[in-house]
Structure formats: C-alpha cells, structure tokens
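J.: Give me coordinates for this.
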Amino acid sequence: MAPEFTNSVLISESGRLPHEAAQQRSAVIIDPWGRAEDWDKLLRTRGLNLCAVYCTHGHPDHISAAPELGVPWFVNRRDHDLIQMDKFSDLLDYSGLPRVTDISKLRDLAPGKTEILPGLNMTIIASPGHSGGGLVFYFPTEKTLLFGDTLFQDCVGRYDLPGASHAELKKSIAEIYNMNLPDNTLVIHGHGPETTIAWLKENNRFFK
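T.: You can find the predicted model right below:
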C-alpha cells in the first residue's frame, strides 16, 4: 500500500470546546503518518494537547511524524530495530520526509491494557507477522478495533519484510478471529477502507 493511504487516528477527550485554550483537551495519535508540523497545526486548531503517540508497528508509514511531536511515542520493542533501518528509511526519502534520527522519546509498548486518556481504555494485543512487533488495538467500550497492517479489507499484510513471518501472521489473525468480537465492531485497518467484524467474516477469506 502507498503510504498516502495510511490511516492515522486522532483521539481526544470530549466535553470541552476547542476554543477553551485554558483547558485544552488531551489527545493521542495512533500511527501518525506525515509531517509533525502538520499534526501540530491540526492540534492547535482543535485546541488539543498531545500526550502520547501509539504505533501499531515500526514501519515508517506508521511512525514518520512521531519523533518530532515532542511526546513519548510507543512501539513494541521487537520493532525498535526497524525504525532506523535503511530499507525502511528509503520510503521516507521517497516521500520527502526526514529520516528518524531522534529516538530519545521512543518507548516500549507491551501487550496488555492501558488507559490512554481519562476513562478511555485500550487493549493492546500482540499481532506479529507483518512485523515482529506488530500490535492490534481494541477499544471495548467503543467497539472499535485498529488492525494495523495485519489485515486489510480484502487481503493480509505483507510478510516478506524484515522481521515478518507468514506463520505468525496467520496465527495472529486467527487469535483475533477467535476473540469473537461483536459483529458490529468497527474495524480500522492500517490502509484502505473501514470494515466491521461481520463484514470481514463474510468477505475476507483470510479472516478465520
């Protein structure tokens, strides 16, 4: 998939008006593709205070803005070695984006549960295959699943890249399938259109 089709997700607190700068709402970004200055402008426009960045995996089209946003950015430790790998940095060169040089705020993101904003809990699920440290993010109260590049609308993520594994990818998809999430769960993929769990069961032959 071309990086311009990366699905980045901005999540913020509710209940305050954007212009109430004295009480800015907290926000996080998931998989911030693009330039940090563009994200900064969007955050200012919406009156948001960025607290952290969470990445489903360490490929450049899912982390490119993270190092320059000035907050901790979280990637599973199995993908830390990919972040500055020449093979992936070439994609940033091609897209006219700076290579990742500052990893001082890079943190490990392990499977488990965490409160990413007040009252908003995220379940972090290990999903290796497309990369060694791939993760899936599930928000149970919002019935929303962020699949990263593990699975797309009608296909699966690549497994021919460094750290990837076809066997692990199949196992990761099967584990999500076996969670028996509600059919109306919204699924946001790393690239391409949104789907639902019901749609994937019916139409994606890899979701089993």
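
J.: Just the buried positions in the lengthiest helix in the chain, please.
T.: Longest helix in the chain by number of residues (criterion: DSSP state H): helix 166-177. Residues of helix 166-177 classed as buried: Glu168, Leu169, Ser172, Ile173, Ile176, Tyr177 (neighbour count, 16 or more other C-beta atoms under 10 Å). Glycine gets a C-beta too; all of them are placed from N, C-alpha and C.

J.: looking at the protein, which helix or strand does the model trust least?
T.: Least confident element among the helices and strands of the chain, by mean pLDDT, DSSP states H and E: helix 86-94 (a mean of 80).

J.: Each with direction, which strands does the helix or strand following it pair with?
T.: Counting by DSSP states H and E, the next helix or strand C-terminal to helix 86-94 is strand 106-108. The strands beside strand 106-108 in its sheet (DSSP bridges) come out as strand 73-75 (parallel).

J.: ok, residues contacting the strand it pairs with?
T.: 52-55, 57-58, 63, 66-67, 83, 105-109, 133 (C-beta atoms under 8 Å, 6 or more residues apart in numbering).

J.: What is the neighbour count of Phe147?
T.: 29 (other C-beta atoms under 10 Å).

J.: Is it in a helix, a strand, or coil?
T.: strand (DSSP: H, G, I helix; E, B strand; the rest coil).

J.: Would you check that it makes contact with Gly190?
T.: Yes - using C-beta atoms under 8 Å, Phe147 is in contact with Gly190, at 6.7 Å.

J.: Can you work out which residues contact both of the two?
T.: Between them, Phe147 and Gly190 share these contacting residues under C-beta under 8 Å, 6+ apart: Thr56.
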